[in-house]
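> build me a model from this:
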Amino acid sequence: MKEFSLEQPAADPSLWLLDPEIIFLGHGVFGACPRHVLAVQNEFRERLERRPLQFLAREMESLLDAARQSLAEFIGADADNLVFVPNATAAVNTVLRSLALKPGDELLVTDYAYNACRNALEFAAERAGAKTVVARIPFPFRTEDELIAPVLECVTPRTRLAMIDHVTSQTGVVMPISRLVSELKQRGVDTLVDGAHAPGMAPLDVEKLGAAYYAGNCHKWLCAPKGAGFLHAARDKQESIRPLIISNGANSRRKDRSRFLIEFAWQGTWDPSACLSVPEAIRFIGSLLPGGWPENMVRNRALALAARKVLCAALRIDEPCPDEFIGSLVAIPLPDAAPDALARLPLNEYPLQDKLREKYKIEAPIISWPAPPKRVLRISAQLYNSLPQFERLAEAVAEELD
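Next up, the predicted model:
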């Protein structure tokens, strides 16, 4: 691995709008968009408002085509298999709502799954009289087989779809997604990959991966504006996939492009500026280090691994999994919460998270997982972060837990 100086941010934090009074270690929650990219988004918005009909009716389609092509090249996809959606959760819901499930069918998910997406899967199953099957994966763990075996053991002749995270939201684990997709395909099971965290964190080649469906975000590690996500669907699956909002494209007579592209491009009046800003986000973030995106990913991962060592040492615990399963997102198990310190919805914040923010000026999410009183501290490493920030976090957490 290339050696980095982690003592300083790799990029000027002032390139982002983040509050300089707060040590922000939660990039993985909602991302953070640079000032420059926000300015580009605003240019699109002003262009739309100057000539609304011209922009939305005559120019938007070609602009979205160009943005999809740029994103497709970055994630290793065919642009004709790719559509924009507001976020990965919307993409997951789109696929699950489109499935023609029958009573007795089974939908497979792991207990690592992001809660919102698991809720969507359980809703789809319940509505159809299908069954949700949950594969229990250990955490901590030591080997790849510990991640794969529980999933494959749950496959039956009735399994219609498996929803697997690429990078798990709760535990920050980079799953062996290629092997999982391949093994499930061999058993006749389609995979819906929840790739909310993967684009911009880990190298990605969606076409090579071969999953039936891949859902991703652009607002997290790509640092695009909020409201830009995507759904990739294999060519032979697109006929059955319908957007969450049925609109004018449903009876379009156009023959110059697929119904898949037509329906998703227009679902009523909307602000496409976040999606149109994705190419500039990719270009801008890729320009901040001499080695471009590859150096960005390697540097952020190196910082995440260094931060994990510091935190685990401060808490006197073993690292919960080998380095090979870590990207730029890390989860550290904390002692169980006290009975009177139950997490508050909607983001399951604990009083300890409040104290870190108010007393130490550190923003770092604490997540209920797998269920209260169990909880983890989740940190993210982005270009504006540095190792001394995580050392400060380790001191604060150790002090508050003593």
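> and stretch 171-178, what's buried?
For stretch 171-178, the neighbour count (16 or more other CB atoms under 10 Å) marks Thr171, Gly172, Val173, Val174, Met175, Pro176, Ile177 as buried. Where C-beta positions appear, they are placed from N, C-alpha and C, glycine not excepted.
> can you give me the end-to-end span of that stretch?
Start and end residues of stretch 171-178 are separated by 19 Å (CA to CA, to the nearest Å).
> what are the structural domain limits within this protein?
13-25+292-401, 38-282 (automatic domain parsing).
> any idea which of the buried residues of stretch 171-178 is closest to Val29?
Gly172 (12.1 Å; CB to CB).
> helix/strand/coil for Ala162?
Under DSSP: H, G, I helix; E, B strand; the rest coil, Ala162 falls in the strand class.
> report the longest helix in the chain, please.
Criterion DSSP state H: the longest helix present in the chain is helix 292-315.
> state the mean pLDDT of it.
What helix 292-315 shows for mean pLDDT is 98.
> so what secondary structure elements neighbour the helix or strand bottoming out on mean pLDDT in the chain?
Of all helical and strand segments in the chain, the minimum by mean pLDDT, DSSP states H and E falls on strand 366-368, at a mean of 89. If you count contacts as 3 or more CB pairs under 8 Å, 6 or more residues apart in numbering; DSSP states H and E, strand 366-368 packs onto strand 375-380.
> which stretches in the stretch 101-250 of the chain count as helices?
Assigned by DSSP state H, counting those that start in this stretch, the helices in the stretch 101-250 of the chain fall at 115-128, 145-153, 177-186, 206-209.
> which one, of those, ends up nearest to Ala11?
Shortest distance between Ala11 and the helices of the stretch 101-250 of the chain, using CB to CB, is found for helix 206-209: 26.7 Å.
> now that closest one: buried residues?
Neighbour-count burial for helix 206-209 flags Val206, Leu209 (criterion: 16+ other CB under 10 Å).
> before we move on, what about stretch 23-42?
Applying a neighbour-count criterion of 16+ other CB under 10 Å, one finds 23-29, 31-34, 36-38, 40-41 buried in stretch 23-42.
> list the buried ones in stretch 262-269?
By 16+ other CB under 10 Å, the buried positions in stretch 262-269 come out as Ile262, Glu263, Phe264, Ala265, Trp266.
> look up how far Ala211 lies from Leu401.
According to CB to CB, to the nearest Å, Leu401 and Ala211 sit 40 Å apart.
> of those two, who's got more company?
Counting neighbours by other CB atoms under 10 Å for Leu401 and for Ala211 shows that Ala211 has the greater number, 27 against 11.
> if I read this right, the more buried one contacts Ala198, doesn't it?
No: using CB atoms under 8 Å, Ala211 is not in contact with Ala198, being 11.6 Å away.
> closest to Met163 out of the helices of the stretch 101-250 of the chain?
For the helices of the stretch 101-250 of the chain, the distance to Met163 is smallest for helix 115-128, at 5.6 Å, taking CB to CB.
> gap between that closest one and the chain center?
A distance of 18 Å separates the centroid of the chain from that of helix 115-128, by CA atoms, centre = their mean, to the nearest Å.
> list the contacts for Asn87?
Listed by CB atoms under 8 Å, 6 or more residues apart in numbering, the contact set of Asn87 reads Ala196, Asn217, His219, Lys226, Gly227, Ala228, Gly229.
> swap in 7 Å and give it another go.
Counting by CB atoms under 7 Å, 6 or more residues apart in numbering, Asn87 touches Asn217, Gly229.
> how near is it to Phe264?
Distance of Asn87 to Phe264, computed by CB to CB: 14 Å.
> now do Pro351
42 Å.
> give me the below-cutoff pLDDT ranges for the stretch 201-350 of the chain.
Regions of the stretch 201-350 of the chain meeting the criterion pLDDT under 70 cover residues 340-349.
> how would you label Pro320: helix, strand or coil?
Under three-state DSSP, the three-state class of Pro320 is coil.
> and the gap between the residue nearest to it when sequence neighbours are not counted and Pro333?
Nearest residue to Pro320 in three dimensions, chain neighbours excluded: Pro140, at 3.6 Å (CB to CB, 6 or more residues apart in numbering). Using CB to CB, Pro140 is found at 8 Å from Pro333.
> number of residues surrounding Glu146?
Counted by other CB under 10 Å, the residues lying close to Glu146 total 14.
> that one and Pro138 touch, don't they?
Yes: using CB atoms under 7 Å, Glu146 makes contact with Pro138 at a distance of 5.6 Å.
> as a check, name the ranges of all strands in the stretch 251-400 of the chain.
Under the criterion DSSP state E, counting those that start in this stretch, the stretch 251-400 of the chain contains strands at 329-334, 362-363, 366-368, 375-380.
> again, but for the stretch 101-250 of the chain
Secondary structure of the stretch 101-250 of the chain (DSSP E, counting those that start in this stretch): strands at 106-110, 131-135, 159-165, 190-195, 213-217, 229-233.
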